[in-house]
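Student: Quick one, fold the following:
(one chain, ligands or ions: 2)
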Amino acid sequence: MNAVQSLCPPCRCRMIQNHECGHSATDNLGFLKFCGINAVGSSRTGKTLFKPIMAKENHDASFIRRPSSKCHGHHLKKPNRLTPFSNHSAALSDKNLSAMSNIGISMNILWHECPIQKLDRQHLLQQKGCVIWLTGLSGSGKSTLACALSRSLHSKGKLTFILDGDNIRHGLNRDLSFRAEDRSENIRRIGEVAKLMADAGVICITSLISPYRKDRDACRALLAEGDFIEVFIDVPLDVCEARDPKGLYKLARAGKIKGFTGIDDPYEPPYSCEIVLQQKESECMSPSDTAEIVISYLEKNGYLRA
Ligand SMILES: Nc1ncnc2c1ncn2[C@@H]1O[C@H](COP(=O)(O)OS(=O)(=O)O)[C@@H](OP(=O)(O)O)[C@H]1O
Ligand SMILES: Nc1ncnc2c1ncn2[C@@H]1O[C@H](COP(=O)(O)OP(=O)(O)O)[C@@H](O)[C@H]1O
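Tutor: Ligands and ions are numbered 1, 2, ... in the order given. All right, here's what the predicted structure looks like:
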């Protein structure tokens, strides 16, 4: 078992608040709220993490709050003193302005860096964050493999987390159906969550039908080269249908479920992916054998060490 040493630095962060924004619940939670702000962040080495900037509009003088004694971000009291921000005004420039982004329909947002980064977390965990993307028909064995993988990696002291399509549809994605556009949104959201998990240093295992190639490729594009490991569980439809553990194929064949993958909705197998687990009824590998194939891949590609 790896010795885990806390890397938590003495907190020298500065909580920043725009005076014009007022005090809100988000401030209490330690979130930085950028509405027409100028802001400065410092790393523990004293290096400026992001430069003072102005929003596209509303760039009058702003204020930086003095650090509170409790600076873990959850119990900030109202400031008793605000310091004018004027000494940083020289740093304001068109270049800084261009650091602001408009993403989707979010206006004037700025990426906030933290001095503790993915490499630090990976070092702590002695592994590399990545996404193991399991794809295949309903009944192909995705959830079973995800659990076998998680169990085996856990026993080796590796931190994993499973994002299972069925489970995520109980919460985060409960507003989505099985229409093509909702399946795409389901996969996009899970891809984004998986990316955050990988950034956290976790070996994230996703278990979704993810029937469309373009959606899987879009998730792949979110991650660094190599960190998206697509595993196709290639089980013929008739085998999945014979298993039918939830009775859904039977309902689909009877026309009681419309748009069921493999019956009246498409499944697009990967053209090329990292691992293909070909299963036939006559020679079906056990879940622990298939888990070992994936774990060997992780080992060979350095994901089980920092
Ligand atoms: N129309 C239709 N088509 C396919 N699957 C259906 C459908 N309706 C319900 N289910 C059940 O939902 C599970 C698949 O959810 P996913 O989120 O993995 O699907 S997708 O990736 O968005 O296509 C899937 O679970 P698994 O059997 O574990 O794959 C099914 O139990
Ligand atoms: N390697 C395997 N060999 C034989 N049966 C399996 C294997 N993997 C899973 N199964 C069985 O197939 C059924 C579907 O598995 P599941 O993991 O729920 O699939 P999915 O998540 O793809 O829908 C279950 O009854 C499970 O026990």
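Student: which non-adjacent residue is nearest the residue of the stretch 151-300 of the chain found nearest ligand 2?
Tutor: The minimum distance from the stretch 151-300 of the chain to ligand 2, using Cβ to the nearest ligand atom, falls at P245 (3.8 Å). Bear in mind the C-beta positions are built from the backbone N, C-alpha and C, glycine included. Nearest in space to P245, with sequence neighbours left out and distances taken as Cβ to Cβ, 6 or more residues apart in numbering, is G139 at 6.4 Å.
Student: Wait, a strand at the one you found?
Tutor: No: applying DSSP: H, G, I helix; E, B strand; the rest coil, one finds G139 to be coil, outside a strand.
Student: what's the distance between it and A198?
Tutor: When distance is defined by Cβ to Cβ, to the nearest Å, G139 is 27 Å away from A198.
Student: swap in N186?
Tutor: 19 Å.
Student: Just confirm N102 is within a strand.
Tutor: Yes: counting by three-state DSSP, N102 is located in a strand.
Student: Verify the contact between it and N108 for me.
Tutor: Yes: using Cβ atoms under 8 Å, N102 is in contact with N108, at 7.1 Å.
Student: higher neighbour count, these two?
Tutor: Taking neighbours as other Cβ atoms under 10 Å, N102 and N108 compare with N108 leading, 17 against 10.
Student: In which helix or strand does the more buried one reside?
Tutor: strand 106-109 (DSSP states H and E).
Student: how about that strand as PDB, C-alpha atoms only?
Tutor: Extracted in PDB, the C-alpha atoms of strand 106-109 (Å, rounded to 0.1, in the frame of the first residue of the first chain):
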ATOM      1  CA  SER A 106     -21.800  31.900 -20.400                       C
ATOM      2  CA  MET A 107     -20.400  35.400 -20.800                       C
ATOM      3  CA  ASN A 108     -17.200  36.900 -19.300                       C
ATOM      4  CA  ILE A 109     -15.900  33.800 -17.600                       C
END
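Student: these two touch, right, the residue nearest to P245 and D238?
Tutor: No: when contacts are counted by Cβ under 8 Å, G139 is not listed as touching D238 (10.6 Å).
Student: No further queries at this time; thank you.
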